[in-house]
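Undergrad: Predicted model and sequence below, questions to follow.
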Amino acid sequence: MEKKKYDTVIIGGGPNGLTAGAYLAKAGQKVLIVDRRGELGGGCATEEASSMPAYMHNVHAIYFPMVDYAPAYKDLKLEEYNLQHIYPSLQFAMPFKDGSCLCLYTDPEKSAKSIAQFSRKDADTYREVYASATKLMEEFIGPATYYPAQPPLEAVAKMQKSDVGKEIFEWGHRSALGFVNDSFENEKVKALMLYTICMWGLDPEEEGLGYLIPLYINRTTNYRMAVNGSHSLPQAINKVFIENGGNIFSPRRVTKIIVEGGKAKGVELGDGLVIDAETVLSTLDTQQTFFRLIGEEHLEKDYIDALKMWKWEHWSLLGTHLALEEPPAFTVASANKEINKAFIYIVGYESHEDFVKQYKEIGKGIVDPDGGFNCCFPTVHDPAQAPPGKHTGILSKMVPYNLKKGGIDPWRTYKRRQEFGRECTKVLRRYAPNVTEDCVRAMFISTPVDVENKFLDMVEGSIKQGAYHALQMGYNRPNAECSQHRSPIKNLYMGGACTYPGGTVLLGSGYLAANAIAEDKGIEKWWKEPEIVTRAKNKGLL
């Protein structure tokens, strides 16, 4: 049997696998990334997915929330590899049936003025909440995202020693719905705030994850998109990886992590090729990593039981990708033309209860044909993603993986898939009447089943490799044994979205996994600790 030898083999070439690979390769390590897909990048994929050529669709990730914090952008000098981001000043626009519209800008004062149209009290509250969230983001949440997860008792002890820490601790007991109801009075303002806080899967009624609320409030006006499509980010990291001697086997599939004497020794590929490696880093979810690639015979019973308690997300995504003759012209833009240049639109909600109802129905396997969603039209900001004068759109709707009637089968049926897409465009048309059937030249539908099939680490369409709830976050993401990116199997490391700090293209798990490997293997780090982390440590917060 043929064998090859590497210092580190990384399973999965998504953003986290590439990030870890680039750091380690630049440190002089012989690194191999194995990925089953032809193009690396995982969910950061840009493809000619519809039947229309030259229309580039970002088929999964489109909003990048941590460009201003993730160390990889500066450490790897990604701008030198032609990575550029667009940062629209109007981040969110939420039109309503009565012709009014709420807007959130990168300038918090402009956001407050938009809110003041509906409630001066809510505008003042927003100013206060945004300022507080920004302070917590800068002093603790941002730095903590790129620092190893701390054991709960240790973290609480540190937080109790500072005002910032105490404030974070107090947030932790709140629910998103409770916060919105306690803080704001106007129904439309509540609808906007609740959706933007919960759009990445935070259960509106769950308590215990309230520390995420200030994170999402701050990030709501800090989203970027990548010029030339989402794939530009992983391609830039990939260039760093290759330039520093990294190797790629793609499309190839790992079928086994070789474990001998309680230690990971390498991997075996589907064609029988064996890769010997001192270190194995998996960016897959825990279920596939430990049950499919390793096997229960190599695991302790208590650990097996813990793995089986893992919960996938309450919802997945229905993506309706449009090839358009012209950009949407929103009715509300007649009073404010700037609205047609918004980055993200939230449509289909008149009150915060509409979203709460939709979230509950997802748990019952129900898809409301009139339900709301967020949408984006990338070519309004980056015309190169479509032929001259033409446009693309992505409508992203929270839906269940298993439907009440039919399980997952309706997601696989062409006719029903198209119906789901048409239902979404019908909702959009209420706010942008020009998005007619003649305007839509082609439509590509991505269902939760498609998400699972395309990205194998997103089991049941779980876009973050597992739900965000109190028992699966922080030091418990994915569990106490793996939250610091090591595992019960010696020389096996974990670096996917199922690990701390989580998903949504944070570039955090891969970065922290590379740090853990470097520390354990005595690899000299060419990169420095981020200044924000050093400041937080000096203040006793980390």
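TA: Perfect, thanks for sending it. This is a predicted model, so every value here is computed, not measured.
Undergrad: and the one helix or strand residue 320 maps to, what does it pack onto?
TA: For residue 320, the element it lies in under DSSP states H and E is strand 316-324. With contacts taken as 3 or more Cβ pairs under 8 Å, 6 or more residues apart in numbering; DSSP states H and E, strand 316-324 sits against strand 391-399, helix 414-431, strand 440-446, helix 448-454. Backbone N, C-alpha and C define where each C-beta goes, glycine included.
Undergrad: Same list, these, but as CSV with mean neighbour count and mean pLDDT please.
TA: CSV is the format used below for those (neighbours: other Cβ atoms under 10 Å; pLDDT from 0 to 100):
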stretch, mean neighbour count, mean pLDDT
strand 391-399, 24, 98
helix 414-431, 17, 96
strand 440-446, 21, 97
helix 448-454, 20, 95
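Undergrad: residues near residue 437, how many?
TA: Number of residues near residue 437 (other Cβ atoms under 10 Å) recorded here: 10.
Undergrad: how about the helices and strands packed on strand 316-324 in TSV, adding distance to residue 55?
TA: TSV is the format used below for the helices and strands packed on strand 316-324 (distance: least, Cβ to Cβ, whole Å):
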stretch	distance to residue 55
strand 391-399	5
helix 414-431	15
strand 440-446	7
helix 448-454	18
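Undergrad: Nearest to residue 49, out of these?
TA: strand 440-446 (4.4 Å; Cβ to Cβ).
Undergrad: Work out the sheet partners of that closest one and label each with its direction, please.
TA: Sheet pairing of strand 440-446 (DSSP bridges) gives strand 316-324 (antiparallel).
Undergrad: which non-adjacent residue is nearest residue 482?
TA: Of all residues beyond its chain neighbours, the one nearest residue 482 is residue 494 (4.7 Å), with distances taken as Cβ to Cβ, 6 or more residues apart in numbering.
Undergrad: Report the contact partners of that neighbour.
TA: For residue 494, the set of contacting residues under the criterion of Cβ atoms under 8 Å, 6 or more residues apart in numbering consists of 281, 282, 283, 286, 289, 478, 482, 485, 486, 487, 509, 513.
Undergrad: From residue 488, how far out is it?
TA: Look at residue 494 and residue 488: by Cβ to Cβ, to the nearest Å, they are 10 Å apart.
Undergrad: if we take the contacts of residue 494, which one ends up nearest to residue 209?
TA: Proximity of the contacts of residue 494 to residue 209 was ranked by Cβ to Cβ; the top entry is residue 478 with 15.6 Å.
Undergrad: Against residue 394, how distant is residue 378?
TA: Distance from residue 378 to residue 394, by Cβ to Cβ: 7 Å.
Undergrad: list residues touching both of those two?
TA: If you check residue 378 and residue 394 against Cβ under 8 Å, 6+ apart, the residues they both contact are 58, 62.
Undergrad: what sits up against stretch 369-380?
TA: Everything outside stretch 369-380 that qualifies as a contact, by Cβ under 8 Å, 6+ apart, is 58, 62-63, 195, 199, 225, 229, 318, 324, 327-328, 340-341, 343-349, 354-355, 358, 361, 385-386, 390-398, 423-424, 426-428.
Undergrad: again, only this time at 7 Å
TA: Counting by Cβ atoms under 7 Å, 6 or more residues apart in numbering, stretch 369-380 makes contact with 58, 62, 199, 225, 327-328, 341, 343-349, 354-355, 358, 385-386, 391-397, 423-424, 427-428, all of which sit outside it.
Undergrad: for it, which positions count as buried?
TA: Neighbour-count burial for stretch 369-380, counted by 16 or more other Cβ atoms under 10 Å, picks out 371, 372, 373, 374, 375, 376, 377, 378, 379, 380.
Undergrad: Among those residues, which one sits closest to residue 33?
TA: Sorting the buried residues of stretch 369-380 by distance to residue 33 puts residue 378 at the head of the list, at 27.5 Å, by Cβ to Cβ.
Undergrad: Can you pull the phi/psi pair for the closest one?
TA: In this entry, residue 378 is assigned phi and psi values of phi -50, psi -40 (degrees, to the nearest 10).
Undergrad: Show me the shaky parts of the protein.
TA: For the chain, applying pLDDT under 70 flags the ranges 1-2.
Undergrad: hmm, try it at 90
TA: Counting by pLDDT under 90, the low-confidence segments of the chain come to 1-4, 156, 159, 169, 201, 335, 405-406, 456, 469.
Undergrad: returning to that earlier point: out of the helices and strands packed on strand 316-324, which gets nearest to residue 144?
TA: With respect to residue 144, and counting by Cβ to Cβ, the nearest of those is strand 391-399 at 26.9 Å.
Undergrad: From the contact counts, what lies against the closest one?
TA: Helices and strands in packing contact with strand 391-399 are listed as strand 57-58, strand 316-324, helix 352-363, strand 373-376, helix 414-431; criterion 3 or more Cβ pairs under 7 Å, 6 or more residues apart in numbering; DSSP states H and E.
Undergrad: Tell me the buried residues in the following helix or strand past that strand?
TA: In the C-terminal direction, the helix or strand that comes right after strand 391-399 (DSSP H and E) is helix 409-412. Taking 16+ other Cβ under 10 Å as the basis for neighbour counts, the residues of helix 409-412 that come out buried are 410, 411.
Undergrad: Just the endpoints, please. Distance across stretch 299-319?
TA: End-to-end distance of stretch 299-319 (Cα to Cα, to the nearest Å): 38 Å.
Undergrad: Show me where the stretch 151-300 of the chain has its strands.
TA: Using DSSP state E, counting those that start in this stretch, the strands of the stretch 151-300 of the chain run over residues 225-226, 247-249, 254-260, 263-269, 274-282.
Undergrad: List the buried residues for the fourth one?
TA: By neighbour count with 16+ other Cβ under 10 Å, strand 263-269 contains the buried residues 264, 265, 266, 267, 268, 269.
Undergrad: again with the third one
TA: The neighbour-count criterion (16+ other Cβ under 10 Å) identifies 254, 257, 258, 259 as the buried residues of strand 254-260.
Undergrad: Kindly reformat these as CSV containing distance to residue 85.
TA: As requested, the buried residues of strand 254-260 are arranged in CSV below (distance: Cβ to Cβ, whole Å):
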residue, distance to residue 85
254, 32
257, 36
258, 40
259, 41
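Undergrad: picking up where we left off before, what is the following helix or strand past the strand holding residue 320 packed up against?
TA: Toward the C-terminus, strand 316-324 is succeeded by strand 344-347 as the next helix or strand (DSSP H and E). Judged by 3+ Cβ pairs under 7 Å, 6+ apart, the packing partners of strand 344-347 are strand 90-95, strand 373-376, helix 414-431.
Undergrad: could you dump the ones you listed to CSV with distance to residue 217?
TA: What follows is those, written out as CSV (distance: least, Cβ to Cβ, whole Å):
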stretch, distance to residue 217
strand 90-95, 12
strand 373-376, 16
helix 414-431, 24
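Undergrad: Residue 279: how many residues sit nearby?
TA: 23.
Undergrad: Nearest residue to it in space, please, no chain neighbours.
TA: Closest residue in space to residue 279, ignoring its immediate chain neighbours: residue 8 at 4.3 Å, by Cβ to Cβ, 6+ apart.
Undergrad: In three-state terms, label the most centrally placed residue in the chain for me.
TA: Geometric centre of the chain, nearest residue: residue 504, 1.2 Å, by Cα atoms, centre = their mean. In the three-state summary, residue 504 is assigned as coil, counting by DSSP: H, G, I helix; E, B strand; the rest coil.
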